[in-house]
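Trainee: Everything below, folded, please.
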Amino acid sequence: MLLKIIYRNLAHKPLGAALSIALLALSTGIISMLLLLQTQLEQKFERDLKDIDLVVGAKGSPLQLVLSAVYHVDAPTGNIPMEEVEKLRKMRSISGITPLAYGDSYQRFRILGTDTTFISRYGGKLRSGRLFGQPLEAIAGATVAENTGLQVGQTFYSTHGDADGGAQHDHAGYVVTGILERSNTVLDNLLLTDISSVWSIHEESHEEHDHDHDHEHDTVPREITAALVKARSVHSAMTLPMMINESTGMQAASPALEINRLMKMLGIGVTALQTLALGIMLISGFSVFIALYNRLRERKYELALMRSMGCSRARLFWMLLSEGMLLALTGFIGGLLLSRLGLWILNTSAAREFHFVFRYEPVQAELWLLAITVMVGALAALVPAVSAFRMNLSRALADA
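Mentor: Prediction:
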């Protein structure tokens, strides 16, 4: 019965209620989407690091090196000689190195030349088939297999670079030997092969190019794109970058440091948007207050009649307070729908480029957002509710 009365009260002037709900939905929608983006990006950054203390690559932007070698979402800074990486492998302060070599792709998914330590680093497991063992054998991540339709035993031809318009290496094809289970790591978005396969593809391409132009070709140097380094101790992880940067032609970058810098830069924009959304929420709370207070003045006689027919002060107080909280709850639900719509649009437009899909399930921080939203509605309704509680029954009936 009480909910029916509350609904009729709100439906009496639907435009005012709709405005309050729309403002609350907009503010909660912005905050909800930012919480989802920030939480999932932080989880992805942390999950894909997997004990990588350093990334070694060509000199350039440290952040670009980390994004390209760890998260595979940016162009590499260049190539480095494999012999220099082998020298690093012999250092006592380094406990392990995983080489990476790429430059080709298939349907915009990167083909990464590496060794099996890269797969074990992320806990990769085969869903079908076997690991690569011979040149021009490759295994596909779960997302790659789903989007390209590649199956065990199938042959595919790589494209130079990451774009669809690159030249195809149709002189040699890769044979798919295995499909990986989904791991929710970078493994899902990669085609993995032996480094010798990458070298072989480009050596043959280089020879054909020289033959077409009647040039005497040189041997293609053994180069890789980057190396993931595991230091033997925390002290080594701190001292190695300076040593590598100063004494070699390569660059060493700390992924944790670079990602922290990136998150701080992103955090400035996120904080600004959250502040804007909180401002909109306060405005919506003020709108709820005005709407309920004006309706209280219009309904004094109605409320006085309810009191005279046995409705208690506490019941009237709770009824008005519930109106504010119901408006806030409706706005919160509308905000959740808006945030999921925003994620769907983002996934539709960016998933093909970055091969990362944001999940729609709620995060724990949204429970706090729900509590804050309902509190805003309750505080907005508090003054009208207190006024109704303190209303003089005889004066209200006499004024009517």
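Trainee: Please make it C-alpha for all contacts and neighbour counts, starting now.
Mentor: Fine.
Trainee: all strands for the stretch 101-250 of the chain, in order.
Mentor: With DSSP state E, counting those that start in this stretch, the ranges of strands along the stretch 101-250 of the chain come out as 109-114, 126-129, 137-140, 155-156, 159-160, 174-180, 190-194, 223-224, 226-231, 250-253.
Trainee: and Y71, how many neighbours?
Mentor: When neighbours are defined as other Cα atoms under 10 Å, Y71 has 18 of them.
Trainee: From L36, how far off is G331?
Mentor: 18 Å (Cα to Cα, to the nearest Å).
Trainee: When those two are compared, which one has more neighbours?
Mentor: Neighbours per residue, other Cα under 10 Å: of G331 and L36, the larger number sits with G331, 29 against 22.
Trainee: give me every residue that touches that one.
Mentor: S20, I21, A22, L23, L24, A25, T28 (Cα atoms under 8 Å, 6 or more residues apart in numbering).
Trainee: Narrow those to those that are buried.
Mentor: S20, I21, A22, L23, L24, A25, T28 (16 or more other Cα atoms under 10 Å).
Trainee: Chain neighbours aside, what residue packs nearest to the third one?
Mentor: Closest residue to A22 in three dimensions, ignoring its sequence neighbours and counting by Cα to Cα, 6 or more residues apart in numbering: G331, at 6.5 Å.
Trainee: you'd agree L49 is up against L257?
Mentor: No: counting by Cα atoms under 8 Å, L49 stays clear of L257, with 11.4 Å between them.
Trainee: picking that back up, flag the least confident of the buried ones among the contacts of G331.
Mentor: Within the buried ones among the contacts of G331, S20 has the lowest pLDDT, namely 79.
Trainee: that's a helix at it, yeah?
Mentor: Yes: judged by DSSP: H, G, I helix; E, B strand; the rest coil, S20 forms part of a helix.
Trainee: what's near enough to touch it?
Mentor: S284, G285, S287, V288, L327, G331.
Trainee: again, 10 Å this time
Mentor: Neighbouring residues of S20 by Cα atoms under 10 Å, 6 or more residues apart in numbering: 14, 281, 283-291, 324, 327-328, 330-331, 377.
Trainee: Just the buried ones from the residues you listed?
Mentor: Buried, going by 16+ other Cα under 10 Å: 281, 283-291, 324, 327-328, 330-331, 377, out of those.
Trainee: Where does pLDDT dip in the chain?
Mentor: Low-confidence segments of the chain, defined by pLDDT under 70: 1-13, 16, 103, 161-171, 202-221, 292-293, 295-311, 351-355, 388-400.
Trainee: Look through it and tell me its longest helix.
Mentor: helix 255-298 (DSSP state H).
Trainee: Which elements pack onto that helix?
Mentor: helix 2-12, helix 14-49, strand 54-58, helix 62-66, helix 300-308, helix 313-354, helix 365-389 (3 or more Cα pairs under 10 Å, 6 or more residues apart in numbering; DSSP states H and E).
Trainee: What's the local residue count around D74?
Mentor: Neighbours of D74 using other Cα under 10 Å come to 16.
Trainee: Determine which of the strands of the stretch 101-250 of the chain approaches P76 most closely.
Mentor: strand 226-231 (8.3 Å; Cα to Cα).
Trainee: tilt between the closest one and helix 14-49?
Mentor: 80 degrees (axes from the mean of the first three to the mean of the last three Cα atoms, to 10 degrees).
Trainee: My understanding was that V144 contacts L191; is that so?
Mentor: Yes: in this structure V144 lies within contact range of L191 using Cα atoms under 10 Å: 7.3 Å.
Trainee: any idea what sits nearest A350, other than its immediate chain neighbours?
Mentor: That would be F356: by Cα to Cα, 6+ apart, it lies 7.8 Å from A350.
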